[in-house]
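In: could you work out the structure for the sequence below:
(2 chains)
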Amino acid sequence: MAGRYYEKRKLSSEIKKNEDEDGLSVSEVAQPEDPFKGSAPIPEERKSLYKRGKEFPVDGIKNKKLKGFLRNTKKRDKAAVNQAARYELLLTEEPGYIETEEGEATWEIKQREIADAADITSASKYFELRLDQFGPYSVDYTRNGRHLLIGGRRGHVAAFDWMAKKPMCEMNVMEAVNDVKWLHTENMFAVAQHRWTYIYDNQGIELHCLKRLDQTLKLDFLPYHFLLLAANARGFLQYLDISQGQIVSTINTKCGRLEVLCQNPANAVVLLGHYNGTVTMWSPNQKKPLVKMLSHKTALRSIAVDQTGNYLATSAQDRKLKIFDVRTFKSLHTWSVPAGASHLKFSQRGFLGASFQNVVEIYNNPCIQPPTNPYLTHKLKFPASDLDFCPYEDVLGVGCADGFVSLLVPGAGEPNYDSFESNPYRSKKQRKEWEVRALLEKIQPDMISLDPFQIARVDMATAEQLQKDKEERLGFKQESPKFEPRFKNKGRSKSGNVEKRKRKVRNEELRKKIRSEAEKNNANEAAESQMEANVITKPLEPKSALNRFKKKTK
Amino acid sequence: MKVKVLSRNPDDYQRETKLDIHKVYRNYNPALHPFEAPREYVRALNATKLERVFAKPFLASLNGHTDSVCCMCKHKQRLNTIFSGSCDGEIRQWTLTNQRCIRALPAHTGFVRGITCAPDGTTFISVGDDNTIKHWTTDALSEQSHNPLNTIVTKTLYTGIDHHWKEPIYATCGQTVDIWNDERSEPVKVYKWGTDSVNSISFNPVETNMCVSTVADRSIVLYDLRSSIPINKVILKLRSNVVAWNPMEAFMFTAANEDHNLYTFDIRRLDFASNVHTDHADAVLDVDYAPTGKEFVSGSYDKSIRIFPVNGSRSREVYHTKRMQRVFTVKWSLDNRYILSGSDEMNIRLWKARAAEKLGRLAPREQAAADYNNKLKKKFAYHPQIKRISRHRHVPKTIYSILKEKRTIKDSMRRKEQNLRAHSKPGTVPHIPERAKHIVTTAIKDDDIDEEDSLV
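Out: Have a look, this model is predicted:
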């Protein structure tokens, strides 16, 4: 039927065409053709950024309803990808860059020169805080990049809106400070002090003293799970749910002092670096590491995972810097550095910051191509004690023994933020609303795994189990329906032909059955012959008439 | 050397005055939106929980009848008007907007057996136990509103009535199925097949010449007004009470059966129900389709109302209250938003068709949020936790225990059949699907010989 309909359509269109050629029906003046028909094409590589998962084949599916549903879904997905790719046009900001003249190298450019060449507001982002009494300092920016928290080793803790240079609080906790970390908003931060971990609010008022998180060396925060991570000197890794105030999991890693810690921002798995050169990955649901990989042969000094969660940078005392692919756990690039990098940090756009004693180097996209030279270098007076890239800004904050330095790294930050995710310009009310929404959407800690997308995939293992259960319950296996030949036109559905087709299928089934049986028989025979070969046959004794008087052995 | 460092002008990103709305910038780069799948799952879970929290389906009770409500009829032109008949012969007209009775007519002596509204909405017709058919005006304010426009005294008792969807024709059922013209006082056509009385009759809203009736001899009979004899019938194991046509698929209808089930049939294949809808704990007394043709509502003798999807065998919703007794009649409103039920304890109840839906106009953002949540719920519907929460319903203890007992019986029957099959010669105990199990036979009416010709 469909074929005939198509032919008719074709015919009528041909007639129309002829009319057009004769110039009978349409206007005499030939219309110039639109050279850019339809919507603008979108390059494939731009689309691929927004694609999720593999495309599934629809053709093999027998269920018509399911097939239609999947086909529609596919169409909708495609439209969504196109729409998202097209939306790039509307992004307002461009990433930063340095353009050099011939004979000029970016790594030779001084910070002062960058600040002079940039606009006034950007130049004001290059500054130094000279705090030589209480250093060395650890550094942390909030998730929207607005606020900065610094914690001096000798007890000095200060929080401020660093862009407006407006202090929020400053205090001395009168105890050694190991690490500082903002929690989900700029209203609270955690400080790992000599004995216990404390939580302060933005006024510097102590909210909680977490005595169960003791001797903490490193802190981290999982923003979507509301989990505060604490790695301590005795090898314990602890997860604290800050929305409930409960410790979700305490893991004894049995790996000694935990000084090297980072999180994988794409799947919330925690990575620890150890003295024996291994990197271990942890989730709160398992007392053993998810992955344990040997990355260097000497003690690790620092690790970092990039924004997409695909690449891992490690550095150890063997003066090497390595990039690993986290999906395959294989090393991609290795290059030698002057010393083991004491701190590593990835920026939002894949720049890698590394500190070697008092030198800070920044590499431009080292995961794609191993760098021959750094993108930028900066020399400090004292060794760097912490690094952090400011989100949504081209700024790298460096903590050192004599204070804090804010460096300009053009191109490091994501130029276009998403207001619903983290908004640097949000008002107080917006923050409050965001906080409620974020708490409602808190992901439970038991959903942390290496593949966060698993929950949205089809669970084949359980489906098979369910099928098995169903068969057991019904007591029989539901067989596929009997083959009924389809009706065909042009005499191909004469009873003889139908019978022929039926026979074909029947014979094929029979053949399959015989083949499987033959295989089974062959396997049995092979097993039997194997058995026979295994039986040790006794050597026959020479026949003698006196044999009958021998004792019979059983 | 040329340097560009990110520097945003805050004025571009903040609203100018407090009266403005906040500026929103989006970036769909997946790297900025980590944990997409787990976050969507959590949202879906929250949406499912909130749906259960907001599920308050009961809207109003229309009281006024002094005996059980036994039939109802929707006005075919006006959404807010319904007519209801009770067992003491009274007909009431209701306005749903203010939930008031605007007219009470002492129409019949004995039961009002059926009411139907003409397609133009000017008149409605009722039949009662007093052997009369009465025509009434739907205009409550007219002078004639308290007297019938026309009264036809019949020889036999009629048990049901339904009006044609386009023409001035209506059908009554009793000992026979009679086709009447609005203008005449004698039936135009009489159909008879078998000796048993006919319980109900229903016209097809699309193929307007088709109608279907249920008969006391457990059969469902199909008629075409263009032919002088009934077309064919299907006999089930127990009696069907009412049949409702699918308003979107003209060849599908659903029958409410005494065996606690509903059966959806395709008229092209009557030997096989296209779906069996189980969940009721007692005989199903009435069924009515949603105007979308995707769902229907059924009322049962187990004092509950259930909503079934057309292609699903289990109900998606059950409504009950402590005071609601046996439900004799249910109707789905023509705007697809409300359900009406008339029950034994003299009340008509107004329910929401979707229990958690917000009534009234939604703001665009509310609408968008609701659409998003519905999509998420659909996406994660098969996850065990979400499935459990969305399926959970409280039912009265009586219904709960009956359903439990039914489940036990069904399991034991299945076990018995399995054992029988295991110990019989292979092939002697065939698998009969549930959809064919309850059907006894089908028959085509022969013009000359009045005997049943089995197709199976």
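
In: near chain B, which residues of the stretch 301-450 of chain A show up?
Out: Proximity of the stretch 301-450 of chain A to chain B (C-beta under 8 Å from any C-beta of the partner chain) is limited to residues A:307-309, A:348, A:392-394, A:408, A:410, A:413-421, A:423-425, A:427, A:430, A:440-444, A:447. C-beta here means a position set from N, CA and C on the backbone, and glycine is covered the same way.

In: among the residues you listed, which are in strands?
Out: residue A:408 (DSSP state E).

In: weed out the non-buried ones from the residues of the stretch 301-450 of chain A next to chain B.
Out: A:307-309, A:348, A:392-394, A:408, A:410, A:413-419, A:423-425, A:441-443, A:447 (16 or more other C-beta atoms under 10 Å in any protein chain shown).

In: per-domain residue ranges of chain A.
Out: Listed domain ranges for chain A are A:60-90, A:106-438 (source: automatic domain parsing).

In: chain center to the last one: distance?
Out: Computed by C-alpha atoms, centre = their mean, to the nearest Å, the chain-centroid distance of domain A:106-438 equals 18 Å.

In: select the longest helix from chain B.
Out: Across chain B, the longest stretch assigned as helix under DSSP state H is helix B:397-422.

In: repeat that for chain A.
Out: helix A:495-534.

In: that one - contacts with which helices or strands?
Out: When contacts are defined as 3 or more C-beta pairs under 8 Å, 6 or more residues apart in numbering or on different chains; DSSP states H and E, helix A:495-534 packs onto no helix or strand at all.

In: and it, what's buried?
Out: Neighbour-count burial for helix A:495-534 [16+ other C-beta under 10 Å]: A:498, A:501.

In: also stretch B:92-101?
Out: B:92, B:93, B:94, B:95, B:96, B:101.

In: endpoints of it, how far apart?
Out: 7 Å (C-alpha to C-alpha, to the nearest Å).

In: which residues are contacting it?
Out: Contacts to stretch B:92-101, defined as C-beta atoms under 8 Å, 6 or more residues apart in numbering or on different chains, come from residues B:60, B:62, B:64-65, B:79-86, B:102-105, B:138, B:140, B:333, B:338, B:348, B:350.

In: quick one: distance of stretch A:469-484 to the chain centre.
Out: When C-alpha coordinates are averaged (C-alpha atoms, centre = their mean), stretch A:469-484 and its chain have centres 41 Å apart.

In: any idea of the mean pLDDT for that stretch?
Out: Per-region confidence: stretch A:469-484 scores 74 on mean pLDDT.

In: so is it next to chain B?
Out: Yes: counting by C-beta under 8 Å from any C-beta, chain B is contacted by stretch A:469-484 at A:474, A:475, A:476.

In: report pLDDT for residue 1.
Out: No chain was given, so I picked chain A. 40.

In: switch to chain B, that's the one I care about
Out: pLDDT at residue B:1 comes out at 85.

In: show the contacting residues for residue A:135.
Out: A:152, A:153, A:154, A:382, A:385, A:399, A:400, A:401, A:402, A:403.

In: now the buried members of those residues.
Out: Among those, those classed as buried by 16+ other C-beta under 10 Å are A:152, A:153, A:154, A:385, A:399, A:400, A:401, A:402, A:403.

In: looks to me like residue B:233 is in a helix.
Out: No: counting by DSSP: H, G, I helix; E, B strand; the rest coil, residue B:233 is not found in a helix; it is strand.

In: let me know the distance separating residue B:370 from chain A.
Out: Distance, residue B:370 to chain A, by C-beta to the nearest C-beta, to the nearest Å: 16 Å.

In: which element is that residue on?
Out: Assessed by DSSP states H and E, residue B:370 sits inside helix B:364-379.

In: in that helix, what counts as buried?
Out: For helix B:364-379, burial by neighbour count (16+ other C-beta under 10 Å) applies to B:373, B:376, B:377, B:379.

In: over to stretch B:287-305?
Out: B:287-290, B:293, B:295-305.

In: out of those, who's nearest chain A?
Out: residue B:293 (16.0 Å; C-beta to the nearest C-beta).

In: could you list which of the buried residues of stretch B:287-305 also contact chain A?
Out: Among the buried residues of stretch B:287-305, no residue lies close to chain A (C-beta under 8 Å from any C-beta).

In: and those residues, which two are the farthest apart?
Out: Pairwise distances across those (C-beta to C-beta) peak at 27.3 Å, for the pair B:293 and B:303.

In: include distance to residue B:155 and pLDDT when you put the buried residues of helix B:364-379 into TSV, please.
Out: What follows is those, written out as TSV (distance: C-beta to C-beta, whole Å; pLDDT from 0 to 100):
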residue	distance to residue B:155	pLDDT
B:373	59	96
B:376	62	95
B:377	57	95
B:379	61	92
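
In: show me which pair in the residues you listed is furthest apart.
Out: Pairwise distances across the buried residues of helix B:364-379 (C-beta to C-beta) peak at 10.6 Å, for the pair B:373 and B:379.

In: enumerate the residues of the stretch 51-200 of chain A near chain B.
Out: For the stretch 51-200 of chain A, the residues in contact with chain B (C-beta under 8 Å from any C-beta) are A:52, A:84, A:87, A:91-101, A:104, A:109, A:113-114, A:117-119, A:121-122, A:125.
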